[in-house]
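Peer 1: This is the structure alone, sequence omitted:
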């Protein structure tokens, strides 16, 4: 199923990232949650994170971007430049990120999306561990990073190191989640605050695939789903 | 001045059109203003109109698009297809448009933007006249269609017809206006409800060009400006 119709990636990411920024601002309002660490992966989800960071800046938050492996597509370069033009700090280094976490109030998890498959490659093993042990509230985009899109939370084997050793990392359970377009199978037992974003799906697709999408209010780009699994 | 930075046209139009749809919904709320005639010109402003029509549909309005001269750029074709996928009716014919106006509650004017220069070409002479005499409330995007970007309202000479004759058309004074990025010189005496959209301008540009942009609230994409000229 492609809900994207004639939409360009630029449009879809703009709407997705805006919805993520709205969900964060509703779950973690100002001024208590001003400093947001936006963790961006190398794929589309990282692009959503970059767009969200920019909108969070416009919403008067103070985002920091952590981007250990920038995506190579032209769009990520442009989205990053838009953030740099706003003087949003960008961290590349895992140690800097780990020590920087202490100066933040909330984490926006835009690392892995629904297409993630283990094993977990460096430095994402350390990052998942840092998020898990940070004690900061987390809002995850679409699916918590490392969860299986169908099975949900899982223990992740890391890629073998130079000596051929692997280790196991547990995924984390975020305080809040924003599903994009439709909630994925893997989050059906998710118990935290749960938003839906992606207000561009036609009634036709909604009916055809029996998505049973809830009604968005007014001009909102997100709608809250009932808590406690679906 | 270019406020666009590293932004793509897709992104800018998406944000502009969303802001226009929000401004319309705040000025002309449901259910009294459900049926919106979205008049789209052949340029960028028409693109903003197509995006706004799509978001108005998602906001539960019933838009009709009037598109007498579709823009040829690929982006307009895609934006139009996105609307057609939602089954938003599209009128091409001026007579259909004129008789269709009676079944609408409000007009979104996305015909001409800040780069319009007379003479007025067919069928836009008829369209401007129809808008002026329709008795429907109008929300104009950026600058009311036909106004001069610096001088404001003006009498417009039409292009000579086959017999070499020209005529004169008066512009109209819309009930509401959404300026994009910054209000233009030509609307400084404008007295109706006035919104500003385009929440992506950096503080740096705001200061450099002394734009004195007002503060947007929360996650809003529009902010209302004081009424009665600036």
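Peer 2: Arrived safely. Because the structure is a prediction, the values reported are computed rather than measured. Residues are numbered from 1 along each chain as shown, chains lettered A, B, ... in the order given.

Peer 1: remind me, longest helix of chain A?
Peer 2: Scanning chain A for the helix with the most residues, using DSSP state H, yields helix A:9-27.

Peer 1: For that one, name the packing helices and strands.
Peer 2: Applying 3 or more C-beta pairs under 8 Å, 6 or more residues apart in numbering or on different chains; DSSP states H and E, we find helix A:9-27 packed against helix A:44-58, helix A:74-85, strand A:106-110, strand A:138-141, strand A:176-180, strand A:193-197, strand A:222-225, helix B:9-27. For every residue, glycine as well, the C-beta is placed using N, CA and C.

Peer 1: what's the helix or strand for residue A:219?
Peer 2: Assigned by DSSP states H and E, residue A:219 belongs to no helix or strand.

Peer 1: residues touching the residue lying closest to it once chain neighbours are set aside, list them.
Peer 2: Excluding the flanking residues, the one nearest residue A:219 by C-beta to C-beta, 6 or more residues apart in numbering or on different chains is residue B:22, at 4.8 Å. Neighbouring residues of residue B:22 by C-beta atoms under 8 Å, 6 or more residues apart in numbering or on different chains: A:219, B:55, B:197, B:220, B:221, B:222.

Peer 1: Pull out the buried positions in the helix or strand bottoming out on mean pLDDT in chain A.
Peer 2: Lowest by mean pLDDT, DSSP states H and E among the helices and strands of chain A is helix A:203-208, with a mean of 88. Buried residues in helix A:203-208, counting neighbours by 16 or more other C-beta atoms under 10 Å in any protein chain shown, are found at residue A:205.

Peer 1: just stretch A:216-230 next, same as before
Peer 2: Buried residues in stretch A:216-230, counted by 16+ other C-beta under 10 Å: A:216, A:219, A:220, A:221, A:222, A:223, A:224, A:225.

Peer 1: Residue A:21: how many residues sit nearby?
Peer 2: Close neighbours of residue A:21, defined as other C-beta atoms under 10 Å in any protein chain shown, add up to 31.

Peer 1: what's the distance between it and residue A:57?
Peer 2: Applying C-beta to C-beta, to the nearest Å, the value for residue A:21 to residue A:57 is 9 Å.

Peer 1: What of residue A:88?
Peer 2: Residue A:88 sits 6 Å away from residue A:57, going by C-beta to C-beta.

Peer 1: Identify the contacts common to the two.
Peer 2: Contacts common to residue A:88 and residue A:57, judged by C-beta under 8 Å, 6+ apart, are residue A:63.

Peer 1: Phi and psi next, for the residue of chain A most remote from its centre.
Peer 2: Within chain A, the residue lying farthest from the chain centre (C-alpha atoms, centre = their mean) is residue A:163, at 32.6 Å. Here is the backbone geometry of residue A:163 (degrees, to the nearest 10): phi -100, psi 10.

Peer 1: So for it, what's the pLDDT?
Peer 2: Residue A:163 is assigned a pLDDT of 92 by the prediction.

Peer 1: Without its sequence neighbours, what residue ends up closest to residue A:50?
Peer 2: Residue A:50's closest residue in space is residue A:79 (C-beta to C-beta, 6+ apart), at 4.0 Å.

Peer 1: ignore the last one, residue A:190
Peer 2: residue A:177 (5.9 Å).

Peer 1: Residue A:78 too?
Peer 2: In space, residue A:78 comes closest to residue B:6 once its chain neighbours are excluded; the distance is 4.6 Å by C-beta to C-beta, 6+ apart.

Peer 1: Near the one you found, how many other residues are there?
Peer 2: Neighbours around residue B:6, by other C-beta under 10 Å: 14.

Peer 1: The residue nearest to residue A:190 contacts residue A:195, correct?
Peer 2: Yes: using C-beta atoms under 8 Å, residue A:177 is in contact with residue A:195, at 7.0 Å.

Peer 1: Same drill for these two, tell me which one is more crowded.
Peer 2: Remark: of residue A:177 and residue A:195, residue A:177 carries more neighbours, 28 against 24, as counted by other C-beta under 10 Å.

Peer 1: who touches the more buried one in this structure?
Peer 2: Counting by C-beta under 8 Å, 6+ apart, residue A:177 makes contact with A:139, A:140, A:142, A:143, A:144, A:187, A:190, A:192, A:193, A:194, A:195.

Peer 1: Same list, the residues you listed, but as TSV with distance to residue A:37 please.
Peer 2: Output for these, formatted as TSV (distance: C-beta to C-beta, whole Å):
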residue	distance to residue A:37
A:139	11
A:140	13
A:142	18
A:143	19
A:144	15
A:187	22
A:190	21
A:192	18
A:193	19
A:194	21
A:195	19
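
Peer 1: Neighbour-wise, which one of these leads?
Peer 2: The most crowded member of the contacts of residue A:177, judged by other C-beta under 10 Å, is residue A:140 (31 neighbours).
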